[in-house]
Each structure stands twice: as structure tokens, then as C-alpha cells.
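Chemist: could you work out the structure for the sequence below:
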Amino acid sequence: MTIFRTLQFIASHPLNKHDKTKALWRFLSWQISSRMAPGAIAFDWVERSRFLARCGETGLTGNIYTGLHEFSDMAYLLHFLRPTDVFVDVGANVGSYTILACGVVGARGFSFEPVPSTHARLIENLRLNHIETRVSHPNIGIGDQSGSIQFTEDGDTVNHALAAGEVSANTVYVQVETLDEVLSLEKPALMKIDVEGFETAVLRGAEKTLADPTMNSVIMELNGSGDRYGFDESAILELMFDVGFRSYSYEPFSRTFKDLEGKNLECGNTLFIKDRKYAEERVHSASKITLNGVSF
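Modeler: The predicted structure follows:
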């Protein structure tokens, strides 16, 4: 993301609407402090949660600039989840969604991050929030069968499983399992999937998990990256619809849903819900969150 696009994103973000000047100051402060600090910097976040950020970590720095980098999806998580729920984070990176689900809401979690260096930073954030015992955090990838897969390891939030014929200078072999194997004794309520195009393989290994009535919502990144593996996103939509999900976008301030005919074209993530009425009951009964002086 170029500086101009970053500044546009910051200025137009819903949680910055009351004070864009302060938001831009957060951006400038981070640009300076992150280059002067010898290591990670700890930031206070939502309701006493915290995270460690380093220069170049795009997802976390987006939270510094805006409060919630992916506003509608993160707000849905905060409104929908309850402490009695199980949350699954596939492609957790350094743990933004896991911190919200397990550190703020208090849910129990499974957080899967395949790249060892990124996984180490995930553990740092879990420990910082004292949730490392509430979150199972294996250093594995998730796919459609057990085995070993080669991943890139120098791409920050866009690290991914290597496609056939793809060449990368820095790679690592990672153990891969299926969700149905890892979660065979669990009943998750909400899952986030951010695997840079590998969604089809993840879903193929999660048939039982997705079919379970308790699994009500899935936040999934669908940005066309599946092309590198020859995966078709229309097949993902068909698979999700076949097991009872429908696609929506979520408006956090009114706590309402908009029906979508397919994936969300306005942002990279699409929200899939199996029982809309149940989701509506949950989000409408959730307490308000206040960030940057804005309540939602």
C-alpha cells in the first residue's frame, strides 16, 4: 500500500471520522517511533488488550492508525462472540483477530500460523495478553490433507503456500493438518480464514467442521489469490452455500446485515452466516465498544 493510499484509508476510516487530525498524527508518530525503537513497541488496544508491533507489520500498524484495521469484520467478531464460544483463526499472522476474540471477548481459541518467525510473534502477543493458555496455537498450516508444504517466509501478511512451479528466495517447509482432524472434539462458533488463496484446500479439509450446527459464521478473505493454485472462488461460494451458509456484509453502527449475491466486492473479506436470526440476536445484545471516541 502506497503512502497516499494509506493516508486515504486512514482519513476515510469510520473510527477516525471525529478526529482525522489525531489519526494522521498517530500515523506520523508511528513512522518516527518505529524507526527509532530497537525492537517491538507495545500498544494499548481494545478494552485493556495490547499488541506488540514492529515496523513493516501492515495488519497491526493498521490497527494503530484506525483502531480496527478491518472494521466491519473485527466489529462483527466483537459483537457476535461470547466467552463460552470457541473461535478458530486460520492464518492468524501475529494475532489481531485472536487477541480480539480471546483477549477482549474471552472466548477460547485455536490460532494456526504456519510460518515459524510469524508464529513466534503470535506467541509474544498471546503472552502479552495472558491468553496463551486459553488459545491453542500450533505452528502448522491447514489444508485438505496431512503432510508437509513449502511456505514463503518473508512476506509479512501475504506469506502463502508455494504453488506448483512458483519460486521464492526464502521458504520453509511446514507441517499441514486438516481442520476436521485438529478440531474433531471442538464445536467452534466463528472462524476467520486468511490464507492468501489457499481457502479451497482449507475448506476441503473442514467438511465436518463447517457442517456442525454450532459453526455459525465464517469471515473469509476472497481476493482472487486462489488463481495461483488454479482455485475458482465461485466453487468456494458454492461449497459454502451447499452447507447452509449465505454471504453478507455487516454494518457495525446499525448492527445490520446486507445480503450479498456472492462475495463482498467492497472489501477483501466476505462474511458467511449459517443462521442469520441467531447472529442478529447476538449482535443486537452485545455491549458497545468505544475506540477513538467512537462507539459502535
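
Chemist: so which residues of the stretch 51-200 of the chain form strands?
Modeler: Using DSSP state E, counting those that start in this stretch, the strands of the stretch 51-200 of the chain run over 86-90, 108-112, 135-136, 141-142, 147-152, 171-177, 190-193.

Chemist: with adjacent residues omitted, what lies nearest to residue 219?
Modeler: Distances taken as CB to CB, 6 or more residues apart in numbering put residue 192 closest to residue 219, at 4.5 Å, once the chain neighbours are dropped. C-beta: built from backbone N, CA, C; applies to glycine.

Chemist: among the strands of the stretch 51-200 of the chain, which is nearest residue 27?
Modeler: Closest to residue 27 of the strands of the stretch 51-200 of the chain is strand 190-193 (CB to CB; 25.6 Å).

Chemist: tell me which strands that closest one pairs with, and in which orientation.
Modeler: Applying DSSP bridges, strand 190-193 is found paired with strand 86-90 (parallel), strand 217-221 (parallel).

Chemist: what's the angle between the first one and strand 108-112?
Modeler: What that stands for is strand 86-90. When axes from the mean of the first three to the mean of the last three CA atoms, to 10 degrees is applied, the directions of strand 86-90 and strand 108-112 differ by 10 degrees.

Chemist: so how far is strand 86-90 from its chain's centroid?
Modeler: Chain-centre distance of strand 86-90: 9 Å, with CA atoms, centre = their mean, to the nearest Å.

Chemist: again, but for stretch 268-279
Modeler: Here the centre of stretch 268-279 is set off from its chain's centre by 15 Å, with CA atoms, centre = their mean.

Chemist: low-confidence ranges in the stretch 1-150 of the chain?
Modeler: 1 (pLDDT under 70).

Chemist: ranges for the helices of it?
Modeler: 3-12, 20-36, 58-66, 71-80, 96-98, 116-128 (DSSP state H, counting those that start in this stretch).

Chemist: just put these in a markdown table and tack on distance to residue 263 and mean neighbour count.
Modeler: Shown next, in a markdown table, are the helices of the stretch 1-150 of the chain (distance: least, CB to CB, whole Å; neighbours: other CB atoms under 10 Å):
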| stretch | distance to residue 263 | mean neighbour count |
| --- | --- | --- |
| helix 3-12 | 20 | 13 |
| helix 20-36 | 29 | 13 |
| helix 58-66 | 20 | 21 |
| helix 71-80 | 13 | 24 |
| helix 96-98 | 19 | 27 |
| helix 116-128 | 26 | 19 |
